[in-house]
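>>> sequence? don't have it. structure:
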């Protein structure tokens, strides 16, 4: 059964606590405060919180009006196109990050499902092995019974031979001889029945061993699929870390001031990001189809 994920309310409470302490709000800091949670889910809630809490920009200026007008005119001309480009790039990065977070959650769900499947296969294998042990014990018991019947038959044949030797001189042993012959027939029939039961037990043991081998093979396939999914998830997390690092480098920077009195801050974005050319979920489905074939 899939584990219950963290909620937006939990993430928001942690963010407010970090902000109150003057600490930097990051996915790692939020996860350490919660003690659990998927980085993808935390990232999605963090983006939603940032969109609903835009940073306030101070517009207070203690500069003469003529200087402010000259600076504003220069800033408007120099930064209009840069701001538009930065807004487009930020929107694209947020979209890609949301897609990566969704894909990561799907992969984690698949890993949990495969782990549950491996547990089921392991249980089936253990049950098959227990049945195989039980069948082996039954075969051993039947073999012991057959040996006892063989020894009993041999003893009966010896007694029959002795009786035949004494038959001429001891007519009264004829009835005893007949009884021994009857016992021999019963013993032989019992032996046949025991051999049949042993043959059935051997067949059941072979079937149990075959089922155990099949269960072990299914377990190996499930283990391999789980390892492949885990590897893909690791790659996905590495790519997310690279994108976060690139996004951090694209943070607004300061443009030199034209006036000797005040230096206004100009946000700037210069780095670009490459889109994902192949969704990770499609590649995982193709790999699973290839393994099935």
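That came through, no problem. Just so we're clear, the structure is a prediction, and the values are computed from it rather than from any experiment.
>>> For the rest of this, base every contact and every neighbour count on C-alpha atoms.
OK.
>>> What is the helix or strand residue 11 falls within packed up against?
Using DSSP states H and E, residue 11 sits in helix 8-20. Using 3 or more C-alpha pairs under 8 Å, 6 or more residues apart in numbering; DSSP states H and E, the elements in contact with helix 8-20 are helix 27-34, helix 39-52.
>>> so can I have TSV of these showing mean pLDDT?
Formatted as TSV, these follow (pLDDT from 0 to 100):
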stretch	mean pLDDT
helix 27-34	89
helix 39-52	87
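>>> Reformat these as a markdown table; add mean neighbour count and distance to residue 161.
A markdown table is the format used below for the helices and strands packed on helix 8-20 (neighbours: other C-alpha atoms under 10 Å; distance: least, C-alpha to C-alpha, whole Å):
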| stretch | mean neighbour count | distance to residue 161 |
| --- | --- | --- |
| helix 27-34 | 16 | 90 |
| helix 39-52 | 17 | 88 |
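>>> And those: which comes nearest residue 198?
Counting by C-alpha to C-alpha, residue 198 lies closest to helix 39-52 out of the helices and strands packed on helix 8-20; the figure is 59.3 Å.
>>> what is the orientation angle of that closest one with helix 27-34?
110 degrees (axes from the mean of the first three to the mean of the last three C-alpha atoms, to 10 degrees).
>>> C-terminal to helix 39-52, what's the next element?
Moving toward the C-terminus from helix 39-52, the next element (DSSP H and E) is helix 65-165.
>>> Summarise which helices and strands that following helix is packed against.
helix 39-52, helix 173-249, helix 280-292.
>>> For the second one, the averaged confidence score.
Which is helix 173-249. Average pLDDT, helix 173-249: 88.
>>> Now do it against helix 65-165, angle only.
Going by the same axes, to 10 degrees, helix 173-249 makes 170 degrees with helix 65-165.
>>> Please tell me how far helix 173-249 is from the chain's geometric centre.
The chain centroid and the centroid of helix 173-249 are separated by 24 Å under C-alpha atoms, centre = their mean, to the nearest Å.
>>> which secondary structure elements does that helix contact?
Looks like helix 173-249 contacts helix 65-165, helix 280-292 (3+ C-alpha pairs under 8 Å, 6+ apart).
>>> Over to the first one?
Where contact means 3+ C-alpha pairs under 8 Å, 6+ apart, helix 39-52 is packed against helix 8-20, helix 27-34, helix 65-165.
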